[in-house]
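1. Just a sequence and a predicted model for now, questions to come.
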Protein chains: 2
Amino acid sequence: MPSRGATDKSTGPASPRVRVRRRPARASYDLDKVHEILDESLMCHVGFVVDDQPYVLPTLHVRVGDSLLIHGSRRNRMFNLIADGAPVCVEATVLDGLAMGRSVLQNSVNYRSVVVLGRGTAVEDPEAKLERMLALVEKCIPGRLPDLRPLTDAELGSALLVSIPLDECSVKMRTGDGDDAVADRALPVWAGELPLRVTPGEPIPDEHVPAGTAVPEYLRSWGQDRTGV
Amino acid sequence: MPSRGATDKSTGPASPRVRVRRRPARASYDLDKVHEILDESLMCHVGFVVDDQPYVLPTLHVRVGDSLLIHGSRRNRMFNLIADGAPVCVEATVLDGLAMGRSVLQNSVNYRSVVVLGRGTAVEDPEAKLERMLALVEKCIPGRLPDLRPLTDAELGSALLVSIPLDECSVKMRTGDGDDAVADRALPVWAGELPLRVTPGEPIPDEHVPAGTAVPEYLRSWGQDRTGV
């Protein structure tokens, strides 16, 4: 039987808070794996607390070095809280497929997820901020940057970019097929894995694109180096 | 120009806590839209708080009526907290595409997201629990249930199923293309939307499936009724 989880345990958890307690065989604390998942996932899910109530909001992110960057508006309550250093949890998950065993509980999903705990700080240095804003676009739509009108100073100033260090994080993942009990393996049922991936459809130009304008090649090939969703 | 956000405002927010403050034109409080997003998203992101620290973990969910159900293990810290009625936030997002304008800040994603605030209770009634566990499998892999060995009482007992009422929730979504300023619209750049969807790859049987066993038709057609990721 193939391994069902992450195997790289060369490093342990940075703190008890990020130690994976349930199914530790599926855990990893390897920073390369953290990077891989953050780089492949398009959106992340940012948790924060107001008046003892947790909130979770989706947003875009990019990793630069050992920092996670999320981008929002200065008028957004969440981003102001986070930029002010409130405790956050950022979770990102890549869905890789459906895992199918022969009994109800052995039907699940294969995924790679990362959880980052920490506190953010606003990126204020204009040069660093610009570099990271461009990295965010390049990550989401590789190849598009040369087509874009440059950011103005006012636009750069209006954006709130928050950096969270990857100091305290953990990975949890599931791979392989359904994990059937031995007694179930002879049941006459197809079982295994259905890989899933995200694929682009036909690009839809807006009404201002002149007729005959070619669709950029980077859109035609978008996602070809992604293995999951 | 097409509308950039949700338009159904027939109902207002159930509480100030779920009122969308930033870009309210993209908000909705319509329960049909909440249902649609919960039904189409495969995974959700559950936020909870321990010692003032937010945590967010991904899991599977299913909606049954006006309740959201999430499934975990009795040995899972998160699920025990949530089953005991700790405040939670469940967020689910469907990624619909990439929105591309002609300037850096107008490159973003189109999505539909729902945020549910509330407190969960464990589903203990065996009949209700079984029905909802099966609904979860049917939602993730439509058509598979008849192939599966039935749940035993012990398996049903081992699962922890938590129900959260859809009493306090909000939708935020983005549609259309990049929202370029008038001055940017004449730039000679392709702009618009790249729709994204999740598509299945080639099914991979596990080592116990006899040679020649046909792949079920429901796997070949998986996802054809999904419009996003």
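-> Yep, that arrived. Numbers count the residues shown, from 1 in each chain, chains lettered A, B, ... in the order given.
2. per-residue confidence at A:Asn107?
-> With respect to pLDDT, A:Asn107 scores 95.
3. Give me the distance between it and B:Asp84.
-> 27 Å (CB to CB, to the nearest Å). Backbone N, C-alpha and C define where each C-beta goes, glycine included.
4. of these two, who's got more company?
-> A:Asn107 (22 against 12; other CB atoms under 10 Å in any protein chain shown).
5. Now A:Ser170: which helix or strand?
-> Per DSSP states H and E: A:Ser170 is located in strand A:168-174.
6. Neighbouring strands of the next helix or strand after that strand in the sheet, and parallel or not?
-> Per DSSP H and E, the first helix or strand lying C-terminal to strand A:168-174 is strand A:192-200. Strand A:192-200 pairs in its sheet with strand A:87-100 (antiparallel), strand B:192-200 (antiparallel), strand B:204-205 (antiparallel), by DSSP bridges.
7. And for strand A:192-200, what's in contact with it?
-> A:42, A:95-100, A:110, A:176-178, A:219-220, A:222-223, A:226-229, B:95, B:141, B:194-206, B:209, B:219, B:222-223, B:229 (CB atoms under 8 Å, 6 or more residues apart in numbering or on different chains).
8. Please pick the buried ones from those residues.
-> Neighbour counting with 16 or more other CB atoms under 10 Å in any protein chain shown marks A:42, A:95-100, A:110, A:176-178, A:219, A:222-223, A:228-229, B:95, B:141, B:194-200, B:203, B:205-206, B:209, B:219, B:222-223, B:229 as buried within the contacts of strand A:192-200.
9. now the angle from the longest helix anywhere in chain A to strand B:87-100?
-> In chain A, taking DSSP state H as the definition, the longest helix is helix A:126-140. Here the directions of helix A:126-140 and strand B:87-100 differ by 80 degrees (axes from the mean of the first three to the mean of the last three CA atoms, to 10 degrees).
10. Tell me which other helices or strands helix A:126-140 touches.
-> strand A:53-64, strand A:67-73, helix A:153-158, strand A:159-165, strand B:107-119 (3 or more CB pairs under 8 Å, 6 or more residues apart in numbering or on different chains; DSSP states H and E).
11. okay, those in TSV with distance to B:Pro165 next?
-> Shown next, in TSV, are the helices and strands packed on helix A:126-140 (distance: least, CB to CB, whole Å):
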stretch	distance to B:Pro165
strand A:53-64	16
strand A:67-73	29
helix A:153-158	39
strand A:159-165	32
strand B:107-119	6
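12. So which of those is nearest B:Pro24?
-> For B:Pro24, the closest of the helices and strands packed on helix A:126-140 is strand A:67-73, at 13.0 Å, according to CB to CB.
13. ok now whichever helix or strand comes after that closest one, how far from the chain's centre?
-> Downstream of strand A:67-73, the next assigned helix or strand under DSSP H and E is helix A:77-83. Counting by CA atoms, centre = their mean, to the nearest Å, helix A:77-83 is centred 19 Å from the centre of its parent chain.
14. now do stretch A:89-103
-> Distance of stretch A:89-103 from the chain centroid (CA atoms, centre = their mean) equals 13 Å.
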